[in-house]
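Participant: Turn this into a structure:
(chains A, B, C and D)
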Protein chains: 4
Amino acid sequence: MFFASDNGARCPAPVMEALMRANEGSAMPYGNDPVTAAAADRIREVLEAPQAAVYFVATGTAANALALATLCPPYGAVFCHEGAHVQHDECGAPEFFSGAKLLPVPGDHGRMSPQALDARIRAQGTRVVHSVQPGAVTITDVTEAGTIYSPDEIAALAKVAQSHGLPVHLDGARFSNALAATGATPAELTWKAGVDALSFGGTKGGLLGAEAVVFFDPAKAWEFELRRKRGGHLFSKNRYLAAQFLGWLQGGLWLDLADHANAMAARLAKGIEQIAAASLVHPAQANIVFATLPDAAHDRLKAAGAMYYNMGEGRVRLVTSWATTEAEVDSFLQYTNG
Amino acid sequence: MFFASDNGARCPAPVMEALMRANEGSAMPYGNDPVTAAAADRIREVLEAPQAAVYFVATGTAANALALATLCPPYGAVFCHEGAHVQHDECGAPEFFSGAKLLPVPGDHGRMSPQALDARIRAQGTRVVHSVQPGAVTITDVTEAGTIYSPDEIAALAKVAQSHGLPVHLDGARFSNALAATGATPAELTWKAGVDALSFGGTKGGLLGAEAVVFFDPAKAWEFELRRKRGGHLFSKNRYLAAQFLGWLQGGLWLDLADHANAMAARLAKGIEQIAAASLVHPAQANIVFATLPDAAHDRLKAAGAMYYNMGEGRVRLVTSWATTEAEVDSFLQYTNG
Amino acid sequence: MFFASDNGARCPAPVMEALMRANEGSAMPYGNDPVTAAAADRIREVLEAPQAAVYFVATGTAANALALATLCPPYGAVFCHEGAHVQHDECGAPEFFSGAKLLPVPGDHGRMSPQALDARIRAQGTRVVHSVQPGAVTITDVTEAGTIYSPDEIAALAKVAQSHGLPVHLDGARFSNALAATGATPAELTWKAGVDALSFGGTKGGLLGAEAVVFFDPAKAWEFELRRKRGGHLFSKNRYLAAQFLGWLQGGLWLDLADHANAMAARLAKGIEQIAAASLVHPAQANIVFATLPDAAHDRLKAAGAMYYNMGEGRVRLVTSWATTEAEVDSFLQYTNG
Amino acid sequence: MFFASDNGARCPAPVMEALMRANEGSAMPYGNDPVTAAAADRIREVLEAPQAAVYFVATGTAANALALATLCPPYGAVFCHEGAHVQHDECGAPEFFSGAKLLPVPGDHGRMSPQALDARIRAQGTRVVHSVQPGAVTITDVTEAGTIYSPDEIAALAKVAQSHGLPVHLDGARFSNALAATGATPAELTWKAGVDALSFGGTKGGLLGAEAVVFFDPAKAWEFELRRKRGGHLFSKNRYLAAQFLGWLQGGLWLDLADHANAMAARLAKGIEQIAAASLVHPAQANIVFATLPDAAHDRLKAAGAMYYNMGEGRVRLVTSWATTEAEVDSFLQYTNG
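Facilitator: The predicted structure is shown next:
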């Protein structure tokens, strides 16, 4: 019963096998190798974005912070949801890399509305030297509350950003789960909706530690490369990052894994709804379930060795992954129900 | 004939196998897992440093920049050799992470003498508010010129640093090659010689992408952890970094691999010395050979598909690795000799 | 009718005269001159803090940003009121100088309650590497809403900070107005209440451009000096900063000027309260009045050339200074009343 | 006998009078006042640069650091003379504000040759992600060695910069002395020679603490304004900075003062050359004299209360100012001669 994080799961065999396959002969370092080229091409194909610049880094925090630093000047503001990962869970990395200030936008269940985003940007204003200048918008999907945006909802937020001349970043740490949940294509959820730069998460979806950063317009590609190196995030043996993506993206594996994780969360949420003493805190739309459980359930779960994030006051965060089993879910529900 | 970099080699089987072994079941993320604990313990054992704080990152640039940022204040100076990797090859990462200014110390063949280091620190002075303050000393071993320091030489440099109240960092991107070349123990080349923090390189020695940062005095451990996270260098699935070290350090493999790389470089250097038209630029003491080759040799080597770094004016850098074969070396020498 | 800002007033004659008096002969630069020493001594005397380290800078933003950078590490959080000057009106200077993240604390009328501050610090938590660490608390007095804290209220906030091990900074851009309003001594409102570092504002109180930064414990004095220089805020001809303070602090002038400014604001506030169509937005406790005025009043005031900050939706900010006259106030009220 | 620095002199009466004249009535803060507008206009007139963007700050370090941060990206290199003020005497301020790395160019007597500059830029190279990218060139005139550049020499350096696509900054902390020494017009020594941004020094030339930053192409003006504010360098009562320039620039006073300072240095240098036991270290072309004096001379000068910077090994730096008298110079020479 491991629901602590999708970061806690092991990696699927095809990913490990791709890593092994990449471990052949010599290769030019720093991304000048055929495996890196193939993985970048594959990502461009998946995104239907032949012009996009694609880079690999090892962590989601690096992907977000470097992407935002490339999009937003140091005297700029990045608008994000008040509960966003960049705001709470990256120890100030986005600010460190960009110099920018994060300005939180309120919204229920982890989601920004276009109206709230627009109001926050307007409140910040422009051309007054005393305030940081609107610089970029970052959207998280799957959100930190486990909810999702439809392509139309992303487009509506991007439209607000564009109306203020701001570029749009999508924190897709759980991009595959968002795609699986909406049924949208990668293009529909990104550049077709107005997204300029994407943190294409792989780690939470089954990789050892690999994320892609995608700029749909490659104009800032070279600046990103310099910022990545300067941030210590350029791998010399880049093929071992890229190979992970190659194995994962092959034959739709990545979406199958996300489908499974989402299904396990849905099963968990459905079960919790049927327990009188428990309730959901947010709609469970992808692979994260927030719920309130009675104290007795916590005691039983703890005794049974269940792993999950206890947020206090009875509330829990439960994250499913490609490796979560129906048996784990059912067992969790059974202990919860008492 | 691949001599472009030790970063271009594939990884040895025991490292890949350790990675596979770590891919079992669920594990708490962010380093709170038994594989990470075991690898850190193993490194403490190797270093005979039971109190040391040990952390994993994926790149040497990250290891150096984060270690220096932890040792040196933003208004400080880091003294390094004028040809050091931190000074030339990290796109300003040490300055970005630390805020400090790097002050180069001259020296032949990539090495600082205690006298030159002392003179440079004295020239910088202290307590004058107009200048950055002496903050730390960083030593590279194996040096960028392919030379090495004996434990006594490290100790002499560290003694200078200590006489000015400065902590000492060792950039050990090729730490295993330095150990193999000197025959010193890891402890002798580090804390016994006065080193405070070590970038314990693994990637150039055969890992996919893993370095350990070691603080022999754990007083600044928590600060380092925060800086690592804030730099986007904390892996969620940390076990896959740590496992690489476990495989590599087992049964002395890491030193055997380094021995082999050094032997290949010695064979290469010896061969070059016997070619009338070629000559060594620096003493080849570890796994890097700098040489001057005649134009005709370059033409032949290029035609034969040899990969190496051409520095201009006939000079080349040739790096051997655990995967370099005698046949490659001999073939290179044959083409060079014409 | 100038109510745009206390920054818009000219400077009182004794300040200009002190500047002239300082303009005699040669003096060692960078603060090593007798005028600087005398002014620092005078400030220590005023604050009853003989051990305090006292420095001069030219702007309030510099004073705050440099003080906070000295108190808070780059991976730290600075807790401030949600409407604080550091949060809204310094274009990210505190973050730029410190690297820290500002975390806003809610509160009516520009004031933090000890409960709200404590709750916000607790919510941030500590020892979790994913979040910035509680680093410092900054209190603004006079607040941005024109309200004040009593010495007991400052002490209560400082006690909360201390209970979490955090140092306390007081943004005293209008320190003299706060003192005049409370009747407290400078010591009572600062170190006796638990304040560690003070931005002792002079500019808004009548100086050309001079602020003192005071550390009651001089342990971090040298670090501050380095940060000041590195920030370009060390004046070579420091005596011209210090002299302003000497003239201003002489014979209680500074408090007399603040008394006058406060009295003018009180007269203005009282008048507004007596106008049916107008109302106060915040209690006017020092030299700033926030009010809602009818549209017709705005039209009349604008036509008459009144200068003030129109915040939209009928709301205005009116700031009085040592140079504000009763006639200006009465005239403003007359136009407002129609 | 005050030769410690031109920063140690008092300020000339017309500057103080201009300050007094500016101290009339109310004025909109933050540079939106007529005195600031008039001073900026006057500077544009002096520079024959009607389109230039002109800003005021209080220190030379701020002027240089903010100008360079506006010209050079954080992953860039600023090429400067190895003895430049930005490299040695600003405690890392240029790096702090810009994020860039300073790369020193060697050259005798404080001067870079076009060949040396070109060679250093070429050595750095471009498009290799491991190194900081050439970003800007900064020239100091009067140099730190007291020598000067002719307009043609500035133009030759600027041509090198332009050939690499780099903008040119002129650190004119002693701009008036350089103009007085060369007889060139302000335009000839700046934009006509290819300078993009100028730190137009006032403080060393007689102001209390005021420098202008000039961008001949105003495209980056708004970015500079934001960086100035974010650096805490925007004065609220900006008129008191601007007024200093108005008084100083009136009727050619600034150049007369510089002429006098230069003449005093020439007198000093000439005298030293005639003393057998003393010698000049650099040609004395403006208002700074570097000389070697015998120990006995130091003893006599010290006993007589002479103030100057003793650099060790008998070497001294002697700086003259508008306030230096012939009597001071002659007295210094007399004590030196023994």
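Participant: What's opposite the residue in the stretch 201-338 of chain A that chain C sits nearest to in the beta bridge?
Facilitator: Closest to chain C within the stretch 201-338 of chain A is residue A:312: 10.4 Å, counting by CB to the nearest CB. In short, each C-beta sits where N, CA and C put it, glycine included. On the basis of DSSP bridges, residue A:312 is bridged to residue A:315.
Participant: Pull the contacting residues for the residue in the stretch 151-300 of chain A positioned nearest to chain C.
Facilitator: Closest approach of the stretch 151-300 of chain A to chain C (CB to the nearest CB) occurs at residue A:173, with a separation of 13.2 Å. Residues touching residue A:173, when contacts are defined by CB atoms under 8 Å, 6 or more residues apart in numbering or on different chains, comprise A:60, A:85, A:140, A:142, A:199, A:201, A:203, A:204, A:211.
Participant: Distance-wise, check it relative to residue A:204.
Facilitator: When CB to CB, to the nearest Å is applied, the distance between residue A:173 and residue A:204 equals 6 Å.
Participant: Pull up the overlap in contacts between those two.
Facilitator: Listed contacts common to residue A:173 and residue A:204 are residue A:60; contacts here mean CB under 8 Å, 6+ apart.
Participant: Can you report how many residues neighbour the closest residue to residue A:200 other than its chain neighbours?
Facilitator: The spatial neighbour of residue A:200 that comes closest, neighbours along the chain excluded (CB to CB, 6 or more residues apart in numbering or on different chains), is residue A:212 at 4.0 Å. By other CB atoms under 10 Å in any protein chain shown, 27 other residues sit near residue A:212.
Participant: so what does the strand or helix carrying residue A:212 touch, helix or strand wise?
Facilitator: Element membership of residue A:212, judged by DSSP states H and E, is strand A:211-215. When contacts are defined as 3 or more CB pairs under 8 Å, 6 or more residues apart in numbering or on different chains; DSSP states H and E, strand A:211-215 packs onto helix A:34-46, strand A:53-57, helix A:60-71, strand A:197-201, helix A:221-230.
Participant: now that strand against helix A:34-46, angle please.
Facilitator: Relative orientation of strand A:211-215 with respect to helix A:34-46: 60 degrees, computed using axes from the mean of the first three to the mean of the last three CA atoms, to 10 degrees.
Participant: Can you name the residues that contact the closest residue to chain B within the stretch 51-200 of chain A?
Facilitator: Each residue of the stretch 51-200 of chain A has a distance to chain B, by CB to the nearest CB, and the smallest belongs to residue A:62, at 3.3 Å. Counting by CB under 8 Å, 6+ apart, residue A:62 touches A:93, A:211, A:228, A:231, A:233, B:232, B:233.
Participant: Give me the mean pLDDT for stretch A:69-78.
Facilitator: Stretch A:69-78 shows an average pLDDT of 98 in the prediction.
Participant: and if you look at stretch A:97-105?
Facilitator: Regarding stretch A:97-105, the rounded mean pLDDT is 98.
Participant: Surely residue A:285 is in contact with residue A:177?
Facilitator: No: with contact defined as CB atoms under 8 Å, residue A:285 and residue A:177 do not form a contacting pair (9.1 Å).
Participant: Give me the common contacts of those two.
Facilitator: Residues touching both residue A:285 and residue A:177 comprise residue A:142, with contact defined as CB under 8 Å, 6+ apart.
Participant: Give me the more crowded residue out of the two.
Facilitator: In this comparison of residue A:285 against residue A:177, neighbours counted by other CB under 10 Å, the higher total goes to residue A:177 at 32 against 24.
Participant: That's all I had, so thanks and see you.
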